[in-house]
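1. Structural data only, the sequence is not supplied:
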């Protein structure tokens, strides 16, 4: 009974995180050209402040539920990552998820040390965007691809 709850929590947290990254990369970047610089700076500050408040909790739910699902159902798959396509794709997905967590901690460190700038933020967002697309494809592929 706990696995479906963890799966649902994991999916909702993933929607929130991926949705935020997609919004920042695909929408905010294109709006930048249409909005005066000062207004855009205020928008980015507001969105960024809210994201920094919310995302630690979203990531805690995302990774906590993911680890719970791994523990309950998928741990044996990691013992032999090359044994089956599912195991390999799961291993790759976990590696990318660990990289996402590294991005998050790097961004938080850059913000706290006052070293974050627009260039770093853009690089992090585009990298996270690519990671998210790959993770979603791997997550679906785990259940539909085999070799």
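-> Structure received. Everything numeric in this text was worked out from a predicted model, so none of it was measured.
2. residues near the spatially closest residue to residue 147 that is not a sequence neighbour, how many?
-> In this structure, residue 147 finds its nearest non-sequential neighbour in residue 85, 4.9 Å apart by CB to CB, 6 or more residues apart in numbering. Glycine gets a C-beta too; all of them are placed from N, C-alpha and C. By the criterion of other CB atoms under 10 Å, residue 85 has 14 neighbours.
3. Could you list which residues are in contact with residue 85?
-> Going by CB atoms under 8 Å, 6 or more residues apart in numbering, residue 85 touches 142, 145-147.
4. can you check residue 131 too?
-> 96, 99-100, 103.
5. change it to 10 Å
-> By CB atoms under 10 Å, 6 or more residues apart in numbering, the contact set of residue 131 is 18, 21, 96-97, 99-100, 103.
6. what does the worst-scoring helix or strand of the chain on mean pLDDT contact?
-> Scoring the helices and strands of the chain by mean pLDDT, DSSP states H and E places helix 29-31 at the bottom, with a mean of 89. The contact list for helix 29-31 (CB under 10 Å, 6+ apart) reads 23, 39-40, 43-44, 122, 125-126.
7. what's the most distant pair in those residues?
-> The distance between the two most remote of those (CB to CB) is 22.9 Å, for 39 and 126.
8. Have a look at the protein and report its longest helix.
-> helix 37-69 (DSSP state H).
9. and the helix or strand following that helix, average pLDDT?
-> Sequence-wise, the next helix or strand downstream of helix 37-69 (DSSP states H and E) is helix 75-79. Mean per-residue pLDDT for helix 75-79: 95.
10. Wait, residue 70 touches residue 78, no?
-> Yes - using CB atoms under 10 Å, residue 70 is in contact with residue 78, at 7.5 Å.
11. Those two: which has the busier surroundings?
-> Neighbour totals were compared for residue 70 and residue 78, and residue 70 leads with 15 against 12 (other CB under 10 Å).
12. what residues are up against the more buried one?
-> By CB under 10 Å, 6+ apart, the contact set of residue 70 is 6, 77-78, 90, 94.
13. Out of those, flag the one nearest to residue 63.
-> Nearest member of the contacts of residue 70 to residue 63, counting by CB to CB, is residue 94, at 10.4 Å.
14. Look up how far residue 76 lies from that closest one.
-> Here residue 94 is placed at a distance of 14 Å from residue 76 (CB to CB, to the nearest Å).
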